[in-house]
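>>> Need coordinates for the following:
(chains A and B)
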Amino acid sequence: MAHGTTETPAPPAPPAPLALHGLSVEGVNQCVHCGLCLASCPTFSELGTEMDSPRGRIFLIKSLAEGRLALSDSTVRHLSLCLDCRACETVCPAGVPYGRLIEAAKAEIERQRPGGAARRAFRWINLGLLLEHPRLLALAAAGLRAYQVSGLQRLVRASGLARVLPSTLAAWEALTPAVPAAAARAPLPALIPAVGARRARVALLTGCVQSVVFGDHNRATARVLARNGCDVVVPAGQGCCGALNAHAGDHARAVRMAKATIETFERAGVRTVIVNTSGCGAHMKGYGALLANEPSWASPAARFAASVQDVSEFLAREPLRGPLAPVAMTVTYHDPCHVVHGQKIRAQPRQLLAEIPGLRIVELAESDWCCGSAGIYNLTEPEMAERLLRRKVGHVLATGAEAVVTANPGCILQIAKGVRDRGAPTRVLHLVELLDRAYGAGR
Amino acid sequence: MVPLAEPRKRALRRELAAIVGAGGVLSDPDELLVYESDGLTLFRALADFVVFPTSAEQVSAVVKLANREELPFVARGAGTGLSGGCLPAEGGIVLSLMRMNRVLEVDYDNQLAIVEPGLVNLHLSWAVGPSGYYYAPDPSSQQACTIGGNIANNSGGPHTLKYGVTTNHVLGLEVVLPDGEIVWLGGRTREAAGYDLAGVFVGSEGTFGIATKIAVRILKKPQAVKTVLAVFDEIERASAAVSAIIARGLVPAAVEMIDHLTIQAVEDAFGCGYPRDAAAALLVEVDGLAAGIEAQAARVVEACRDAGAREVRVARDEAERALLWKGRKSAFGAYGRLSPAYMVMDGVIPRTRLPHVLRRVNEIVAAHGLRVGNVFHAGDGNLHPNILYDPRVPGEETRVLEAGAEIMRLCAEVGGSISGEHGIGLEKTDFMPFIFSPADLAFMQRLKDAFNPTGRCNPGKIFPTRKTCGEAGPVAYRPHPIEEKGLAQRF
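Numbering: from 1, shown residues only, chains lettered A, B, ... in the order given. Take a look at the predicted model:
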């Protein structure tokens, strides 16, 4: 390699479109290497190494697609360490579609390096069996609940049995959320009718993990929407949207799950689909791009994508309908990555909080920085996840707020764990829980 | 340079790891690849090692090791530079200072802060902001670039029109000299005794050593700020307005120009509020005491109207003001929406020659079959023509370099300079004779030799490449493409 750019032999034809695992990464050519993204990247901020920055990773992805690099251990390492939080997209003046690039790269990593039998089995159980089959997930949740309430979990943890499990399984065991009682996991009614004048008919995504771990948040979402004039339809048979699969490089299954989701919701015949989880909303808004190359799917996918709205985005379009009871509390707000960076929703949740009488809101430093949850990142990259969690919890505690409000199950579990580890009494709430309380829930 | 033999490389890696820790050394070629360029991708070079020291002592130890092994070395911050200034020679050691990023001390009463070189420029303003202070030099990349890199290039920014460039804000520095010795240049006060060595060091582009602690001035935030957007249908009128504003005795904090093509890019990026059909827009800011600020803004508005602006408005609130600035400061990156690559030029001209020079710049670039976007510090006469190109199209890189050379020559001819704030780096070494005589250059070389006699500290930068191999430092001579075209000469 030389300083400068003395005449290089001319390539014979216009360059072929760049792709990894059949997925276009042409977006790498939008990066002009300005580096404005660097300081916004959590992993670069922690490590200071440019392979762990957005610009560096784009360069690695570009070099992979051009065949300049092979997928070496170190390259896999740096790409895997990406949170896919998309904070870089928010600051990128060139509009590099980073999320799509890293998903393509992760799909390529899976193709070339599926790993050993244990890893493949673990991925198949989680991404295939459980996420793709809602009934199996419900069963697993029931089993997990039994494990947790029977005292078996306590026994396993106390006996040190967890320590002899393979490390991924042990991490999985440690991070499994507390599954609530069956009542909270029960399906929602097919229709929750509007209260008062009817404003809209909307469908609610109840989600996969969300429905078994935070069924109460779904119920609260439906109640708050109903109080704001919505007939809330809950399409039966809905499953996982495929976001976790896409983020984990499981592209083929992600495509299947997207199609199933579109079909299920098309049957509901609504123009608006409400989502209360960060990654799902951002991913479903991207269905148009995901299925753009399948002629019979491109247009339904684009239409569906345009109908998806985060619950805060939808509610903030009009003032909240009263009466709202005061909630005397000091809270702070943590922006879930795929709400703020993935969907560019920053003002709306704060606006809704400001409408709750009696609520005092204090700003959180680095509120739009990833907490380390990042889908299944806290399972796959526990060390970095923990560093970012400590950083997040430090900022939360510095606000002195009684509760940190956010809008995504992953963030809630992660930050709650971090707060617990510090022995702090701070509560972690979903935005809809607080709204629901202002509408009189739990009184 | 001959590549390092594997056994020697392994041994060196062990020694470097003993200094900075095993997690502080990169030597895997796949990892080194991302360090092959800075913000100017036209120039590329690979190091043997990138190391991440965390203290002046570690920097010194690495430098001493490099000297013992006769390896070149160079410091690097965020790598947002635009002249290839932090590129390694072929091989050698890159010292990344990104893990030295603390604010060590703030003395509000004496308005100074002591910081480490890897601190992001904007993070200093964030750190002292709650107390009502800020760090004035504001390069457009301030959200990512580091104070250390700003020192190397004596960086400017929109507000340097009123507040001066980096050197006006540096009181003193702790420096690891090219032989590894640690010294202080300047001090903590505005006036230091003896030679102004801090002044000599700032802007030396990493060739005089590596700053490890920096004492900078912090300023009280102005009481009031008003930002005026003036829209023009002809770029000549916008250029003339710049001189008209200053001729009225106004001292704006900033006068920035943004042209039609650039407006398209930044509007695509963030929808900042610049009219897409404008030929050019001026962003003029006045600041100071609240009393009288309205009158100042009104005089700017009047000057722009008199100069033929189609529309002039004052930003209503902080949100609108912030958005206009976001557009201005993101402009370079936003060119990614129009083109896969660009090369930004950094010329300085007398303000009064703006209309002529801008017209010529556009003609030169068009004659090379390329497009140019202009976004620059008009008040300072500091131009930034950004030539858009596609590196995948054969011959475009060469044409970019040719057009760039002509623009540099033009700046020199009208009595200007070939760099305002981005540095000479690798990019502009061969343009130095446009503005400096052989005697000037020889004297600069003597100064460099005083700091850096072996030439191992950031070799190949600033000075024109030399004629004979015998004179060459650690970087072997290669003709620059411009030289081959007869557009520039070696001295």
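>>> mind listing what residue B:16 touches?
Taking Cβ atoms under 8 Å, 6 or more residues apart in numbering or on different chains, we find residue B:16 in contact with B:24-25, B:49, B:51, B:62, B:65, B:93. For every residue, glycine as well, the C-beta is placed using N, CA and C.
>>> Taking those residues, tell me the two that lie furthest apart.
Pairwise distances across those (Cβ to Cβ) peak at 13.3 Å, for the pair B:24 and B:65.
>>> Now for residue B:238, which secondary structure element holds it?
Assigned by DSSP states H and E, residue B:238 belongs to helix B:235-247.
>>> so the helix or strand just after that helix versus helix B:235-247, what angle?
Next along the chain after helix B:235-247, taking DSSP H and E as the criterion, comes strand B:254-259. Strand B:254-259 runs at 180 degrees relative to helix B:235-247, counting by axes from the mean of the first three to the mean of the last three Cα atoms, to 10 degrees.
>>> So which bits of stretch B:104-124 are buried?
B:106, B:111-124 (16 or more other Cβ atoms under 10 Å in any protein chain shown).
>>> Which residues are in contact with the residue in the stretch 301-443 of chain A that chain B sits nearest to?
Per Cβ to the nearest Cβ, residue A:365 is where the stretch 301-443 of chain A lies closest to chain B, at 9.5 Å. By Cβ under 8 Å, 6+ apart, the residues touching residue A:365 are A:395, A:398-399.
>>> show me the residues around the residue most central in space within chain A that make contact.
Centroid-nearest residue in chain A, with Cα atoms, centre = their mean: residue A:279, separated by 2.6 Å. Applying Cβ under 8 Å, 6+ apart to residue A:279 gives the contacts A:243-244, A:247, A:338, A:342, A:375, A:408, A:410.
>>> Please indicate which of those residues has the highest neighbour count?
residue A:338 (31 neighbours; other Cβ atoms under 10 Å in any protein chain shown).
>>> So what's the model's average confidence on the helix holding residue B:238?
Mean pLDDT, helix B:235-247: 93.
>>> Tell me the secondary structure of residue A:202, please.
Following DSSP: H, G, I helix; E, B strand; the rest coil, the label given to residue A:202 is strand.
>>> residues contacting it?
Counted by Cβ under 8 Å, 6+ apart, residue A:202 has contacts A:225, A:230-233, A:270, A:272-274, A:314.
>>> in the stretch 351-491 of chain B, what residue is nearest chain A?
Taking Cβ to the nearest Cβ, the stretch 351-491 of chain B has residue B:394 as its residue nearest chain A, at 3.5 Å.
>>> gap between residue B:202 and residue B:416?
21 Å (Cβ to Cβ, to the nearest Å).
>>> Neighbour count: those two, which is higher?
Taking other Cβ under 10 Å, residue B:202 and residue B:416 do not tie; residue B:202 has more neighbours (26 against 22).
>>> hang on, that one packs against residue B:169?
No. Applying Cβ atoms under 8 Å as the test, residue B:202 and residue B:169 come out as separate, 9.3 Å apart.
>>> Which residues of the stretch 1-150 of chain B lie near chain A?
The stretch 1-150 of chain B has residues B:26, B:28, B:30-31, B:33-46, B:52, B:78-80, B:84, B:87, B:90, B:96, B:98-99, B:101, B:118, B:120, B:122-123, B:141, B:143-145 near chain A, with proximity defined as Cβ under 8 Å from any Cβ of the partner chain.
>>> What about the residues you listed, which are in helices?
Counting by DSSP state H, the part of the residues of the stretch 1-150 of chain B next to chain A found in helices is B:30-31, B:122-123.
>>> Closest to residue A:262 out of those residues?
When those are compared against residue A:262 (criterion: Cβ to Cβ), the nearest one is residue B:30, at 39.3 Å.
>>> residues contacting that closest one?
Residue B:30 neighbours (Cβ under 8 Å, 6+ apart): A:60, A:69, A:72, A:74-75.
>>> what does residue B:354 give?
Residues counted as contacts of residue B:354 (Cβ under 8 Å, 6+ apart) are B:239-240, B:242-243, B:378, B:381.
>>> tell me the secondary structure for it?
Looking at residue B:354 with three-state DSSP, the answer is helix.
>>> Can you tell me how far it is from residue B:239?
Separation of residue B:354 from residue B:239 (Cβ to Cβ) stands at 4 Å.
>>> And for residue A:59?
Counting by Cβ to Cβ - residue A:59 and residue B:239 are separated by 38 Å.
>>> Quick check: which ranges of the chain have low pLDDT?
As the question left the chain open, I've gone with chain A. Residue ranges of chain A with pLDDT under 70: A:1-15, A:161-168, A:171, A:442-443.
>>> hmm, I had chain B in mind actually
For chain B (pLDDT under 70), the answer is B:1, B:466-491.
>>> The same query, at a cut-off of 50, please.
Where chain B drops to pLDDT under 50, the residues are B:467-477, B:490-491.
>>> Can you name the residues of the stretch 151-300 of chain B that neighbour chain A?
Going by Cβ under 8 Å from any Cβ, the residues of the stretch 151-300 of chain B near chain A are B:265-266, B:268-270.
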